[in-house]
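A.B. asks: how would this look folded up:
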Amino acid sequence: MSKTQNPRALDRDEAQMVEQSKALADHGPAELRDLIGRLRARRDRVQRQIRTRVRDGRDGPDTGARDKKAILTEAIARVADEMAARKDGRSAAANLRKAVAQKAETPRWTGPDDRTANTGPAETPNTKIAPSGALHAEGMRAAIARATGAR
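C.D. replies: Now for the predicted structure:
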């Protein structure tokens, strides 16, 4: 492969992605993840084309695809380096210092203001129905339906 890469090997979208990989300061983390994903997809597609041509016995001068793969690989490396540099900026120690500062600013919760006893479960919302275990006339229908079905 030659030292000077052929930018004509790329199509318009690929050339735009490579240009974006050269100016990464104005991209956010989500944009970088999207860009590296698209670059990897294009590189993998070119790699599959190269392997298919070799497998089929068409291993003639295929410098265009190999140049394209090299350019895309360099662009992926640039984006990956930028992502790693940004990740190193958010180290665990910095995150810990930030968490300790936030905890110091937040007042502690001391519990409820008043101490009232629990009065037990709430009343049954529908007082017209029989309680669950009633076996007299008011609860017979519900008990029979649960147990065996209608008589």
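
A.B. asks: now do the helices in the chain.
C.D. replies: Using DSSP state H, the helices of the chain run over residues 12-22, 29-55, 63-89, 92-105, 137-147.

A.B. asks: do you know which of the ones you listed lies nearest residue 111?
C.D. replies: The stretch from these with the least distance to residue 111 (CB to CB) is helix 92-105; that distance is 18.3 Å. To be clear about C-beta, it is placed using only N, CA and C from the backbone, and glycine gets the same treatment.

A.B. asks: need the helices of the chain in TSV (columns: distance to residue 116 and mean pLDDT).
C.D. replies: Supplementary listing: those in TSV, determined by distance: least, CB to CB, whole Å; pLDDT from 0 to 100:
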stretch	distance to residue 116	mean pLDDT
helix 12-22	62	89
helix 29-55	49	90
helix 63-89	50	87
helix 92-105	30	86
helix 137-147	33	67
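
A.B. asks: just put those in TSV and tack on distance to residue 117 and mean neighbour count.
C.D. replies: Rendered in TSV, the data for those read as follows (distance: least, CB to CB, whole Å; neighbours: other CB atoms under 10 Å):
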stretch	distance to residue 117	mean neighbour count
helix 12-22	66	15
helix 29-55	52	15
helix 63-89	53	16
helix 92-105	33	9
helix 137-147	31	12
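
A.B. asks: now those in JSON lines, with distance to residue 123?
C.D. replies: Converted to JSON lines, the helices of the chain look like this (distance: least, CB to CB, whole Å):
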{"stretch": "helix 12-22", "distance to residue 123": "65"}
{"stretch": "helix 29-55", "distance to residue 123": "52"}
{"stretch": "helix 63-89", "distance to residue 123": "56"}
{"stretch": "helix 92-105", "distance to residue 123": "42"}
{"stretch": "helix 137-147", "distance to residue 123": "17"}
